[in-house]
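Asks: compute the structure for the input listed below.
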Amino acid sequence: MSMEIYVVCHDEDVGTTYYSDGSISFRQEDESRIIVGSDSDFIYYKDGSHSFIGERTPDELMADFEYYARHGYFDDPEVVEQKYPSVTLNSTTCFNNYTPKTELDKMVGDLIINPLDDNYGMPSYDEVKPYHKLLNNNPVLTGLFDWQIENTRTYCPELALAFSVASMASLISGRWSYKGTLTSNLYIAVLAPTSVGKTQTMDLFSKILQDSGDENRIGADNFKSEGGMSKEVAENAAKTFMLDELGFLIARIMSPKASQTDTQIQRAILKMFTAFNSGYSPEAKSANSDNNKNNSVIKNACPSIFGVSTPDVFWSAFSSREAGTGFLNRMVVIEAKTIGKRKEPKNSPMPINVGEFVSSIYMRFNTVESGRLFISNDCKTLIDGVNVDKLFQSVTKIEEDLILSDDKYGCVYARLAELTKRVAIVFQVTSNINSTHIEYDNAQAAYDFVRFCLDYSYSSAVNSIKDSNIERLQGEVIKAINEIKSDKSGNAQNYDGVTGKWIRERMLKRKSSINNDKESDAALMKMCRNGHIYRMEIKKDLGKQTYYYVKPEFLNEFEDVFKS
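Replies: Numbers count the residues shown, from 1 in each chain. Down below sits the predicted model:
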């Protein structure tokens with residue numbers, strides 16, 4: 001295509017054509033977009049707005065035109081109006097030089113014309129408001145919440161919520177205590193699908209500890225032995241372990257077939273959670289061991305765990321027996337219920353108020369002596385503010401009632417009061433670093449936060465923990481039925497009024513923890529005997545293929561069972 005003047009691009013929506021000499025022509029439709037002038041840089045509209053053209057060489061402008069044409073911006077074919085009598089521009093000239101447009105080409109073309117907003121994928125204020133409230137609108141904690149959202153690829157408010165509390169609990173652990181008896185170390189588990197920003201979140205967590213001078217609080221990303229864990233906690237009593245596959249670790253150490261090493265790791269995790277006041281004694285070595293010096297009591301042990309897992313892996317690690325061992329009630333479990341659109345991280349700096357708090361920690365607890373940096377072991381004590389003792393007494397009574405309400409899973413609430421006090425330390429210190437008392441509103445907010453998490457743990461324990469593989473598969477069937485009922489894709493088939501695909505067909509597509517055909521058939525046949533599902537045998541080729549589907553009258557029953 002050889003010409004002196006040619007089309008840069010044509011906006012069909014507003015009827016505007018842009019030419020290589022900077023001139024334009026337009027079809028009047030929207031009065032606000034009537035063009036009143038242009039120059040080499042801008043096009044000016046009647047409503048006072050303008051758009052940028054930029055200074056481009058003829059070759060660059062031609063390349064732009066070809067790119068727009070190739071990516072589907074022009075209607076094909078389209079003859080562009082004549083700007084000068086001697087020149088007729090036809091976009092099909094460009095189309096004929098390229099292969100047909102792909103779906104990706106069209107998407108790229110759309111983004112060229114309508115680029116994503118800088119805040120694409122970011123939540124609105126109304127969307128984050130409930131989570132800010134759970135954080136008591138604390139400026140430091142909400143600042144951390146927003147910072148995590150800005151710097152990850154997916155909006156996942158539950159992950160941001162867990163990060164906000166966990167990072168500050170780790171930073172404060174061992175530095176403030178409630179009446180000298182317990183500190184703020186927490187075991188937090190975030191249950192979420194893959195690719196929600198777990199790695200980026202852990203990087204932000206590490207940055208906080210680095211900026212506060214607490215690199216030595218960052219522990220290993222896995223537990224290989226009780227001795228290794230004890231050694232790390234002996235180096236720094238407030239060690240933080242960020243575990244990417246917490247569910248697999250729990251499954252390993254809670255298994256009835258756990259090795260002695262794994263059993264010792266389980267013991268260490270359980271004991272260290274409450275060892276701040278009493279200390280922790282590592283597993284005893286032989287009497288003649290040269291390592292006996294390493295077996296002395298670790299004083300003020302207060303490690304933290306920030307772990308992530310998928311819900312299925314996490315809950316499959318427990319049976320009702322393990323739920324009562326004390327492992328689950330030490331955990332603050334948060335599941336990701338909201339997964340937003342994929343977005344680009346903003347790489348924004350740490351919020352000013354968060355940075356100031358972290359710097360205050362550094363200045364208060366790190367001192368330089370003889371050219372070396374020393375970590376202060378000074379621990380501040382918080383006592384009850386006005387009526388806070390009454391609040392904690394009330395929480396203890398609620399805890400007792402909840403435990404008694406369910407013989408099997410009421411134990412999930414066994415540390416409701418203790419966890420409330422731990423989180424109250426976090427809320428109080430981050431709201432006022434010079435605090436001497438826990439204020440009532442922070443204690444109340446801590447209870448609300450912990451109760452929010454434990455209520456989820458309880459409902460999930462009831463619905464997800466199974467004591468046999470057959471029970472586990474029946475749970476998978478219930479999940480499959482709910483997936484079928486909520487299928488909005490339009491791909492679901494309809495059999496006798498039941499919307500959904502065949503149960504067995506869906507079950508095979510799920511990543512079930514049950515892989516044994518005999519166990520699968522046993523579980524499904526039990527449900528058949530109970531009258532909950534039909535079993536049908538359909539001949540296929542030379543053999544038989546068995547299908548299952550739920551009876552319509554039991555859909556609501558399954559739905560009620562599965563509700564969290």
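Asks: what about stretch 145-154, how long is it end to end?
Replies: Stretch 145-154 stretches 13 Å from its first residue to its last (CA to CA, to the nearest Å).
Asks: just the buried positions in that stretch, please.
Replies: Within stretch 145-154, the residues that qualify as buried by neighbour count (16 or more other CB atoms under 10 Å) are 145-154. Using the backbone N, CA and C atoms, a C-beta is placed for each residue, glycine as well.
Asks: and if you look at stretch 169-188?
Replies: 169-178, 182-188.
Asks: let me know the closest of the buried residues of stretch 145-154 to N366.
Replies: Closest approach between these and N366, by CB to CB: W147, at 22.7 Å.
Asks: follow-up on the earlier one: so which of the buried residues of stretch 169-188 are in strands?
Replies: 176-178, 187-188 (DSSP state E).
Asks: of all those residues, which two lie farthest apart?
Replies: Once CB to CB is applied, these give S177 and I188 as the farthest pair, at 19.2 Å.
Asks: so what touches stretch 128-138?
Replies: Contacts to stretch 128-138, defined as CB atoms under 8 Å, 6 or more residues apart in numbering, come from residues 141-142, 145-146, 149, 157, 160-161, 164-165, 427, 430-431, 441-442, 445, 448-449, 452.
Asks: let's see the PyMOL selection covering just the buried ones among those.
Replies: The PyMOL command for the buried members of the contacts of stretch 128-138 (criterion: 16+ other CB under 10 Å) is given here:
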select buried, resi 141+142+145+146+149+157+160+161+164+165+427+430+431+442+445+449
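Asks: mark which of the contacts of stretch 128-138 are part of helices, please.
Replies: 141-142, 145-146, 149, 157, 160-161, 164-165, 427, 430-431, 441-442, 445, 448-449, 452 (DSSP state H).
Asks: need the mean per-residue confidence for stretch 402-412.
Replies: Averaging pLDDT along stretch 402-412 yields 90.
Asks: buried stuff in that stretch?
Replies: The neighbour-count criterion (16+ other CB under 10 Å) identifies 402-403, 409-412 as the buried residues of stretch 402-412.
Asks: give me the contact list for that stretch.
Replies: 320, 323-324, 326, 328-329, 413-414, 416, 454, 457-458, 461-462, 465.
Asks: just those residues now: which is nearest K198?
Replies: K198 has its nearest neighbour among those in S457, at 19.7 Å by CB to CB.
Asks: neighbours of that closest one, just the number please.
Replies: By other CB atoms under 10 Å, the residues close to S457 number 23.
Asks: is it correct that it falls within a helix?
Replies: Yes: when the secondary structure is assigned by DSSP: H, G, I helix; E, B strand; the rest coil, S457 falls within a helix.
Asks: SS state for I334?
Replies: When classified by three-state DSSP, I334 comes out as strand.
Asks: so what's it bridging to?
Replies: With beta bridges defined as DSSP bridges, I334 has these partners: V190.
Asks: correct me, but it touches A189?
Replies: Yes: look at I334 against A189 with CB atoms under 8 Å: they come within range, at 7.2 Å.
Asks: show me what counts as buried in stretch 436-455.
Replies: Quick answer for stretch 436-455 (16+ other CB under 10 Å): 438-440, 442-447, 449-451, 453-454.
Asks: need these in CSV (columns: pLDDT and distance to I305).
Replies: Output for the buried residues of stretch 436-455, formatted as CSV (pLDDT from 0 to 100; distance: CB to CB, whole Å):
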residue, pLDDT, distance to I305
I438, 98, 24
E439, 98, 28
Y440, 98, 29
N442, 98, 23
A443, 98, 24
Q444, 98, 26
A445, 98, 23
A446, 98, 19
Y447, 98, 22
F449, 97, 17
V450, 97, 16
R451, 96, 21
C453, 94, 14
L454, 94, 17
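Asks: taking these, tell me the two that lie furthest apart.
Replies: With CB to CB as the measure, no two of the buried residues of stretch 436-455 lie farther apart than E439 and L454, at 22.5 Å.
Asks: any weak-confidence spans in the stretch 401-550 of the chain?
Replies: Segments of the stretch 401-550 of the chain classed as low confidence (criterion: pLDDT under 70) are 466-550.
Asks: I figured I465 hits W315, correct?
Replies: Yes: in terms of CB under 8 Å, I465 counts as a neighbour of W315; the distance is 6.0 Å.
Asks: these two: which has the busier surroundings?
Replies: Neighbours were counted for I465 and for W315 using other CB under 10 Å; W315 has more, 26 against 22.
Asks: isn't N185 up against N277?
Replies: No: between N185 and N277 no contact is recorded; they are 11.9 Å apart, counting by CB under 8 Å.
Asks: ok, D203 - how many residues close by?
Replies: The number of residues packed around D203, counting by other CB under 10 Å, is 13.
Asks: gap between it and H132?
Replies: D203 sits 23 Å away from H132, taking CB to CB, to the nearest Å as the criterion.
Asks: next: L454.
Replies: Remark: distance between L454 and H132 (CB to CB) = 21 Å.
Asks: low-confidence regions, the stretch 251-400 of the chain specifically.
Replies: 284-295, 322, 324, 367-377.
Asks: the same query, at a cut-off of 50, please.
Replies: Per-residue confidence of the stretch 251-400 of the chain (counting by pLDDT under 50) places the weak regions at 284-294, 373.
Asks: so T396 sits in a helix?
Replies: Yes: judged by three-state DSSP, T396 forms part of a helix.
Asks: next up, the contacts around it.
Replies: If you count contacts by CB under 8 Å, 6+ apart, T396 has them with A417.
Asks: mind running it again at 10 Å?
Replies: The neighbours of T396, taking CB atoms under 10 Å, 6 or more residues apart in numbering as the test, are 416-418, 420.
Asks: returning to what we had before: let's have the ones in strands among the buried residues of stretch 169-188 in a markdown table, adding distance to M363 and pLDDT.
Replies: Rendered in a markdown table, the data for those read as follows (distance: CB to CB, whole Å; pLDDT from 0 to 100):
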| residue | distance to M363 | pLDDT |
| --- | --- | --- |
| W176 | 16 | 96 |
| S177 | 20 | 95 |
| Y178 | 24 | 97 |
| Y187 | 29 | 97 |
| I188 | 27 | 96 |
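Asks: restricting to C-alpha, output the helix or strand in which F392 is found in CSV.
Replies: Per DSSP states H and E: F392 is located in helix 388-404. This file holds the C-alpha atoms of helix 388-404, laid out as CSV (Å, rounded to 0.1, in the frame of the first residue of the first chain):
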residue,chain,number,x,y,z
VAL,A,388,-12.5,-6.6,79.7
ASP,A,389,-12.2,-9.3,82.4
LYS,A,390,-16.0,-9.6,82.3
LEU,A,391,-15.9,-10.0,78.5
PHE,A,392,-13.3,-12.7,78.7
GLN,A,393,-15.3,-14.5,81.4
SER,A,394,-18.3,-14.4,79.1
VAL,A,395,-16.3,-15.8,76.2
THR,A,396,-15.2,-18.7,78.5
LYS,A,397,-18.9,-19.4,79.3
ILE,A,398,-19.7,-19.4,75.6
GLU,A,399,-16.8,-21.7,74.9
GLU,A,400,-18.1,-24.2,77.5
ASP,A,401,-21.6,-24.2,76.0
LEU,A,402,-20.3,-24.7,72.5
ILE,A,403,-18.2,-27.6,73.6
LEU,A,404,-21.1,-29.3,75.3
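Asks: quick one: buried residues of that helix?
Replies: Along helix 388-404, the positions that meet the burial threshold by neighbour count (16+ other CB under 10 Å) are 388, 391-392, 395, 398-399, 402-403.
Asks: got TSV for those, with distance to S195 too?
Replies: Formatted as TSV, the entries for the buried residues of helix 388-404 read as follows, by distance: CB to CB, whole Å:
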residue	distance to S195
V388	42
L391	40
F392	40
V395	37
I398	38
E399	37
L402	35
I403	37
